[in-house]
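structure of the sequence below:
(chains A and B)
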Amino acid sequence: MITMTFAFHIDGIGFGYAGNLLIENLSACFNQGKFIAIVGPNGCGKTTLVNLLAGALRPKWGRIFFKGNPLADYRKRTLAREIALMPQDFNVNFPFSVREVVMMGRYPHIPRFSQPSSLDHARVDDALAATDTTTFADRLVTELSGGERQRVVAARALAQDTPYLILDEATSNLDIRHAIALLEKIREGIEKKGRTVIAVFQDLNLAVRFCDDLLMMKNGRIEAFGTAGEVLTPENLERVFDVGAKVRFEPFAGAGQVTFAAKAEG
Amino acid sequence: MASNRTHERPANRAPKRLSTAAAVMALATLLAVAVAASAGMGYVNVPIPEVVRILISPLTGGPDALTGMNPLFPVIVMDVRLPRILAAALVGGGLAVSGAVFQGLLLNPLADPYTLGVSAGAAFGASLAFLLNISFMGSWSVSLFAFLGAVATLAVVIYLSSSAGGLSSNNLILSGIIVAAILAAGISFLKYMADEQVAVIIFWLMGSFAFQTWSNVILVLVFVSLGFAVFIFYARDLNLMSMGDRTAASLGVETRRTMLILLVTASMIAAVCVAVAGIIGFVGLLVPHMMRALAGPDNRRLVPVSLLAGAVLLVAADTLTRAVLPAEVPIGILTALIGGPFFCYIFRKRRMGL
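Residues are numbered from 1 along each chain as shown, chains lettered A, B, ... in the order given. The predicted structure is shown next:
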């Protein structure tokens, strides 16, 4: 009998600070090779959840298993070769060049005192090309706009070339062309390399275009989890986001798309 | 107007940076020249060729190599001037690397070795030693108390900031400011109590390289070399730490452990520098800042380059006050008087674009 190992198996985790519970008794299993989108209103615990999955935070209760083993047992260095994190934005106070920042994605693969190999340089070049940042590869990150900086962070995570990728609103500052290009590149990694992607989205319509499964959160709990078609219903949207919503299939996008109204009418 | 700016900064401009080897060679040569020149300058002028002969005499056959030279020269160079010059070089280098590491760890180009209150702690310890006339360790007593004060301060600051959920840079900076403010009041109180001793305390606080001994030099050498080795080992991790905790962790750095090791090491270097030479400001702030503009922010390059540049700077400043100025000005005042306005200048020039 073949037992399927989940990418992530979340077993009753909780997290919070001094009386303020951000994640409450949350359990879920994420399959390998899928694009899982996490959506929910502000402050619902999306970012906390992905921070827990990336190992940046430790759950106060419960456990997370990564590929069948407790996540807490992995060394940071080992984990950095498995999971890459693409954050929303980052602030740098130091004048690193774009290329230097993207090369940092290769650090987990390069021994401490070694020079980058030709493979490392090739991965960096690929990542720069994929995020359309090659033209300013030699500029300083401190001089870039917010959107440009976000593409650089995306390039760094792509250069890290890990089988698991976590996006925390990684497209929020991008114009629509760059957002779609980046997500298509990430989708390609799923089809061709069997990657697993877990992504927090603010934009529901963008999320459903690219994800396989959709996880809807509210108040630190899972409200709905399943295929995009199952989860994206007007009832769920109204309950979780407190807005009126209509969902219809849009052939041009190739996915169900949502339109909202300020308040549900009857 | 906007188009003018784009002309100044073409999109594909590669940052002008020296290669590590070239920068290190150039600075090492400059340091050697500065040390030799400084050893020749002073009340008795020793010609540079003679200085070089004295410095290399252990390699070229000991005292025999010095026949025909004014017998005072070797004594002046080896026993009087060289300990002071080397102490200045080591303290300058130590403060500069410590500053570079603090800036990276605290994500703040305006941090320096004293940001966590190390200097205030050392000053308090030294003032206490002066006030209580503690001398059970001879001339080392003040240095020992300064060092203990610095270490105790660091422990309190780390305790304060880690009790509030992780060693975040904001917590550390805030705790440092609070503790330093309390210590400043404590120092004022000690001065108030000190009566005629107050002049000694004030003079010590201004920093000086007069009366340095070979044992001081060796003490600082040990601390700075060990610290430098630690910094080089963690230089790449420090690059990631300077991008923030979350990024560093996601790229494989054991952030908490690395933070603690680097903080303690950088503070130890600062503590021993203050214990030996008093409070010398601006070197730890300015040197890494200038070197970052020259050699880039990669700590694998920045740390060695800052070490040498800091050494050159403080040797030059100490020589200025010892041998050039008509009367000796405390080195801490000199570095602040030169460093402060210079810092204002580069700060304005970059329009806060740090």
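
which residues touch the helix or strand encompassing residue B:204?
Using DSSP states H and E, residue B:204 maps to helix B:198-205. If you take C-beta atoms under 8 Å, 6 or more residues apart in numbering or on different chains as the criterion, helix B:198-205 is touched by B:123, B:126-127, B:130-131, B:142, B:190-191, B:194, B:278-279, B:330, B:332. For the C-beta atoms, the positions are set from N, CA and C on the backbone; glycine is no exception.

got the residues you listed as TSV, with pLDDT columns?
Converted to TSV, the contacts of helix B:198-205 look like this (pLDDT from 0 to 100):
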residue	pLDDT
B:123	90
B:126	88
B:127	89
B:130	86
B:131	87
B:142	85
B:190	90
B:191	88
B:194	83
B:278	89
B:279	90
B:330	90
B:332	90
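
from these, which is closest to chain A?
Chain A has its nearest neighbour among the contacts of helix B:198-205 in residue B:279, at 25.7 Å by C-beta to the nearest C-beta.

so the closest one touches residue B:207, yeah?
Yes: contact between residue B:279 and residue B:207 holds when scored by C-beta atoms under 8 Å: they sit 5.4 Å apart.

overlap of the contact sets of these two?
residue B:332.

if we can go back for a sec, okay, the contacts of helix B:198-205 in JSON lines with secondary structure and neighbour count next?
Listed next are the contacts of helix B:198-205 as JSON lines, based on DSSP: H, G, I helix; E, B strand; the rest coil; neighbours: other C-beta atoms under 10 Å in any protein chain shown:
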{"residue": "B:123", "secondary structure": "helix", "neighbour count": "28"}
{"residue": "B:126", "secondary structure": "helix", "neighbour count": "30"}
{"residue": "B:127", "secondary structure": "helix", "neighbour count": "30"}
{"residue": "B:130", "secondary structure": "helix", "neighbour count": "24"}
{"residue": "B:131", "secondary structure": "helix", "neighbour count": "18"}
{"residue": "B:142", "secondary structure": "helix", "neighbour count": "25"}
{"residue": "B:190", "secondary structure": "helix", "neighbour count": "20"}
{"residue": "B:191", "secondary structure": "helix", "neighbour count": "18"}
{"residue": "B:194", "secondary structure": "helix", "neighbour count": "16"}
{"residue": "B:278", "secondary structure": "coil", "neighbour count": "24"}
{"residue": "B:279", "secondary structure": "coil", "neighbour count": "23"}
{"residue": "B:330", "secondary structure": "coil", "neighbour count": "21"}
{"residue": "B:332", "secondary structure": "helix", "neighbour count": "21"}
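
can the helix or strand following the helix holding residue B:204 be found next to chain A?
Once the chain leaves helix B:198-205, the next helix or strand it forms, by DSSP H and E, is helix B:214-241. Yes: if you take C-beta under 8 Å from any C-beta of the partner chain as the test, helix B:214-241 does meet chain A, through B:233, B:236, B:239-240.

I'd like the residues you listed as TSV, with pLDDT and neighbour count appended.
Shown next, in TSV, are these (pLDDT from 0 to 100; neighbours: other C-beta atoms under 10 Å in any protein chain shown):
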residue	pLDDT	neighbour count
B:233	97	13
B:236	96	19
B:239	95	25
B:240	95	24
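
returning to that earlier point: turn the contacts of helix B:198-205 into JSON lines, including distance to residue B:297.
Putting those into JSON lines (distance: C-beta to C-beta, whole Å) gives the following:
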{"residue": "B:123", "distance to residue B:297": "31"}
{"residue": "B:126", "distance to residue B:297": "34"}
{"residue": "B:127", "distance to residue B:297": "37"}
{"residue": "B:130", "distance to residue B:297": "40"}
{"residue": "B:131", "distance to residue B:297": "43"}
{"residue": "B:142", "distance to residue B:297": "37"}
{"residue": "B:190", "distance to residue B:297": "40"}
{"residue": "B:191", "distance to residue B:297": "40"}
{"residue": "B:194", "distance to residue B:297": "44"}
{"residue": "B:278", "distance to residue B:297": "30"}
{"residue": "B:279", "distance to residue B:297": "27"}
{"residue": "B:330", "distance to residue B:297": "33"}
{"residue": "B:332", "distance to residue B:297": "28"}
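
got these as a markdown table, with distance to chain A columns?
Converted to a markdown table, the contacts of helix B:198-205 look like this (distance: C-beta to the nearest C-beta, whole Å):
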| residue | distance to chain A |
| --- | --- |
| B:123 | 29 |
| B:126 | 33 |
| B:127 | 35 |
| B:130 | 39 |
| B:131 | 41 |
| B:142 | 37 |
| B:190 | 37 |
| B:191 | 37 |
| B:194 | 41 |
| B:278 | 30 |
| B:279 | 26 |
| B:330 | 32 |
| B:332 | 27 |
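
and those residues, which is closest to residue A:250?
residue B:279 (68.0 Å; C-beta to C-beta).

what strand or helix carries the residue lying closest to that closest one once chain neighbours are set aside?
In this structure, residue B:279 finds its nearest non-sequential neighbour in residue B:119, 4.9 Å apart by C-beta to C-beta, 6 or more residues apart in numbering or on different chains. Using DSSP H and E, residue B:119 sits within helix B:118-131.
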